[in-house]
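In: okay, sequence plus prediction incoming.
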Amino acid sequence: EVQLVESGGDLVQPGGSLRLSCAASGFTFSDHYIDWVRQAPGKGLEWVGRSRNRAKSYSTEYAASVKGRFTISRDDSKNSLYLQMNSLKVEDTAFYYCARYISGTNFGGFDIWGQGAMVIVSS
Amino acid sequence: QAGLTQPPSVSRGLRETATFTCTGNSNNVGDQGAAWLQQHQGHPPKLLSYRDNKRPSGISERFSASRSGNTASLTISGLQPEDEADYYCSAWDSSLSVLVFGGGTKLTVL
């Protein structure tokens, strides 16, 4: 079965750090772009960042709101994607999803989503 | 970063047709097109269409999408109670190198 499973969500104090993991199964992980998308309670979807595939040298992109604080990495040997979050702010509180992007000509969208991991930033 | 513009809510009756719009610009929707997602409360989003009008396997033919210039549209025909959900559009902004979402449209089926 093709799936993504997030883990690592927790309660953390402002200024703290946290690392989320996204474990993939059922497909060739290195062939795909994988993104992080978050959703604050009761709010809409917000893109966090992207890890492109091996063909694109695993290059990354980030939303302006997290650039310099968050880092996306991946370990293809473990079929896993990571989101290292530093200098966390209260406004980073959200449900964090990893999602598989359909790459290619024109915008592909996300065909596989994990169930999400909750991150709460609060003192 | 600039997002895509969606109306906050749409209400239609059972078995009627609902159309959602998503307005961007020439750097996002107008450049590479858009995709649509459906999200029920408490669940992750589900892809309804991609590359403007392609439907993933398993998605009902009642869902159809299109694009005209900088505006993408999603139409749901024969509305059912289970269609009540939030609908989001998304696109890549090639000038900013970021992915943008619309604010979402909440569909109420009366």
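Out: Happy to help now that I have it. Residues are numbered from 1 along each chain as shown, chains lettered A, B, ... in the order given.
In: how many neighbouring residues does the closest residue to chain A within chain B have?
Out: In chain B, the residue that lies nearest chain A is residue B:35 (2.8 Å; C-beta to the nearest C-beta). Glycine gets a C-beta too; all of them are placed from N, C-alpha and C. Residue B:35 is flanked by 32 other residues according to other C-beta atoms under 10 Å in any protein chain shown.
In: excluding chain neighbours, what is closest to it?
Out: What sits nearest to residue B:35 in space, not counting adjacent residues and going by C-beta to C-beta, 6 or more residues apart in numbering or on different chains, is residue A:109, at 2.8 Å.
In: report pLDDT for residue B:52.
Out: Listed pLDDT for residue B:52 reads 89.
In: neighbours of it, how many?
Out: 20.
In: got the residues of chain A near chain B?
Out: A:35, A:44-47, A:50, A:61-65, A:97, A:99, A:102, A:104-111, A:113-116 (C-beta under 8 Å from any C-beta of the partner chain).
In: for the residue nearest to residue B:35, give me its contacts.
Out: Under the criterion of C-beta atoms under 8 Å, 6 or more residues apart in numbering or on different chains, the neighbours of residue A:109 are A:101-102, B:35-37, B:47, B:49-51, B:90.
In: give me the phi and psi for the residue of chain A found nearest chain B.
Out: Chain B sits closest to residue A:109 of chain A, with a gap of 2.8 Å, by C-beta to the nearest C-beta. Backbone torsions of residue A:109, given as degrees, to the nearest 10, read phi 80, psi 180.
In: quick one: it from residue B:49, how far?
Out: 7 Å (C-beta to C-beta, to the nearest Å).
In: which residues are common contacts for those two?
Out: B:35-36.
In: next, name the residue at the spatial heart of chain A.
Out: Closest to where the C-alpha atoms of chain A average out (C-alpha atoms, centre = their mean) is residue A:36, at 2.5 Å.
In: cheers, nothing more for now.
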